[in-house]
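[1] could you look at this predicted model? Sequence included:
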Amino acid sequence: MSGQRPVGSPFDAPGRPKRESSPGEEVAQRLEGSPPHAPGQGPHTAPVIAIDGPTASGKGTVALRVAEALGWHVLDSGALYRLTALACMRRGATERDPALVARLAGSLDVRFNADIWLDGERVTDAIRTEAVGNLASRVAALPEVRTALLERQRAFRKLPGLVADGRDMGTVVFPDAGLKVFLIASAEARAERRHKQLISKGISANIEDLLRDLQARDARDASRSIAPLAPAADAFELDSSALSIDQTVQQVLRWHGQKTAGRPMDSPDELAG
Ligand code: CDP
C-alpha cells in the first residue's frame, strides 16, 4: 500500500474541538475516562472501537485522534500494564511472583488529572521508559494480572462511546466492539517512530536497540498463552507503514461510518491507491 493520496474523508460526526496538549495531558486524558454515563443508560450500551496492534504501531495516537473526532472516550490499556510494571519496580517485584504482581495490579493507587500519579508520585513520564515497557510486557503475560485489570478496563466503556487501544481489546476485553482495527507497521517504521517519540520527550535512545527491543516484545506478546497479540477474526487490518497519522485516522473513521450506516466496508488498498 503506497498511502500516496489522502485516505477517505472525515466521517460526518460531531467533532470535539481539538486542542494542543502535552504528552502528559494526553495520557491523563486517555486514562481519566469520563463523567458517569447518562441516567438510565447502562455503560454496556456504549459503542466501542477497538484498535489493537504491536508496539509502536501508532495505536495510541490514532485512538486519541479518532476519539477526539467522534467526541468519544478513550482507553490506553497499555498504560495500566505500564503502571503495574512501575509499581512492581518500586517494590522489587518481578514476573516470577505472579500472585504479588496481580495484587499490585488490583490495588494500584492511581490518580489521573493533567498527570498520572502512582502512590502520590507523578509518573506521567516515568511509565514511558523502555525499561517499564519491557517489564510491562513480561507482567502482561501473567493470567492473574490480566484478570486483575479486566474490569478496570471495561469500566471505561461509557456513552457516547469508547475508543480502546491495546493488544486484546477486540478479542478479550470488548469482544462485541462494533469496529475492530488491527493496526500494523513494519518493524523499521515502528522503531523510527518510537525513536522520534522518545527523543521529543528528551529521553535518549538508540534506534538499533529499539528495533531489537520491539522485536523481542512482539515475539513475547504474540507467543504468550493468554490474550496473545493477534487480530480478532472480525478485525480489519490496517498497515500504516506508508501512511501519515491523518490518513490512518481517516481510514478508521471511514470504516466506522460505513459500519454504522451498514454500508460495505472498503479496503485500505483501494483507498491508498
Ligand atoms: O507503547 P507500546 O505499544 O509498546 O506499549 P503499551 O501499549 O504502552 O503497552 C505496554 C505493554 O503492555 C505491551 O508491551 C504489552 O505487552 C502489554 N499490553 C497488553 O498485554 N495488553 C494490552 N491490552 C495493552 C498492553
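    That came through, no problem. Small disclaimer: the values here were computed from a predicted structure and weren't measured. Residues are numbered from 1 along each chain as shown.
[2] tell me the pLDDT of the nearest residue to residue 116 once chain neighbours are set aside.
    Nearest non-adjacent residue to residue 116, counting by Cβ to Cβ, 6 or more residues apart in numbering: residue 124, 4.9 Å away. For every residue, glycine as well, the C-beta is placed using N, CA and C. pLDDT recorded at residue 124 is 91.
[3] what about residue 124, how many neighbours?
    Close neighbours of residue 124, defined as other Cβ atoms under 10 Å, add up to 20.
[4] so it: helix, strand or coil?
    Using DSSP: H, G, I helix; E, B strand; the rest coil, the structure places residue 124 in coil.
[5] wait, it sits on residue 115?
    Yes. At 4.4 Å, residue 124 and residue 115 qualify as touching, with contact defined as Cβ atoms under 8 Å.
[6] what's the average pLDDT for the helix or strand where residue 136 lies?
    Here residue 136 sits within helix 130-139, counting by DSSP states H and E. Model confidence over helix 130-139, given as mean pLDDT, is 92.
[7] is it up against the ligand anywhere?
    Yes. For a cut-off given as Cβ under 6 Å from any ligand atom, helix 130-139 has contacts with the ligand, namely 133, 136-137.
[8] for that helix, packing partners?
    On a contact count with 3 or more Cβ pairs under 8 Å, 6 or more residues apart in numbering; DSSP states H and E, helix 130-139 meets helix 77-91, helix 207-223.
[9] and it, what's buried?
    Residues of helix 130-139 classed as buried: 130, 132-133, 135-139 (neighbour count, 16 or more other Cβ atoms under 10 Å).
[10] how about the helix or strand where residue 152 lies and the ligand, any contact?
    If you go by DSSP H and E, residue 152 is part of helix 143-154. No. Using Cβ under 6 Å from any ligand atom, helix 143-154 stays clear of the ligand, coming no nearer than 7.3 Å.
[11] list the strands paired with the helix or strand following that helix, with their directions.
    For helix 143-154, the following helix or strand on the C-terminal side (DSSP H and E) is strand 162-166. Using DSSP bridges, the strands paired with strand 162-166 are strand 48-52 (parallel), strand 73-76 (parallel).
[12] distance to the ligand for these - can I get that in TSV?
    Listed next are the strands paired with strand 162-166 as TSV, based on distance: least, Cβ to the nearest ligand atom, whole Å:
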stretch	distance to the ligand
strand 48-52	7
strand 73-76	7
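[13] what's the least confident stretch among the ones you listed?
    Lowest mean pLDDT within the strands paired with strand 162-166: strand 73-76, a mean of 91.
[14] which neighbouring elements make contact with the helix or strand harbouring residue 60?
    For residue 60, the enclosing helix or strand under DSSP H and E is helix 59-70. Helix 59-70 sits against helix 23-32, strand 48-52, strand 73-76, strand 162-166, helix 245-261, with contacts defined as 3+ Cβ pairs under 8 Å, 6+ apart.
[15] quick one: closest of the helices and strands packed on helix 130-139 to the ligand.
    The ligand lies closest, by Cβ to the nearest ligand atom, to one member of the helices and strands packed on helix 130-139: helix 77-91, at 2.2 Å.
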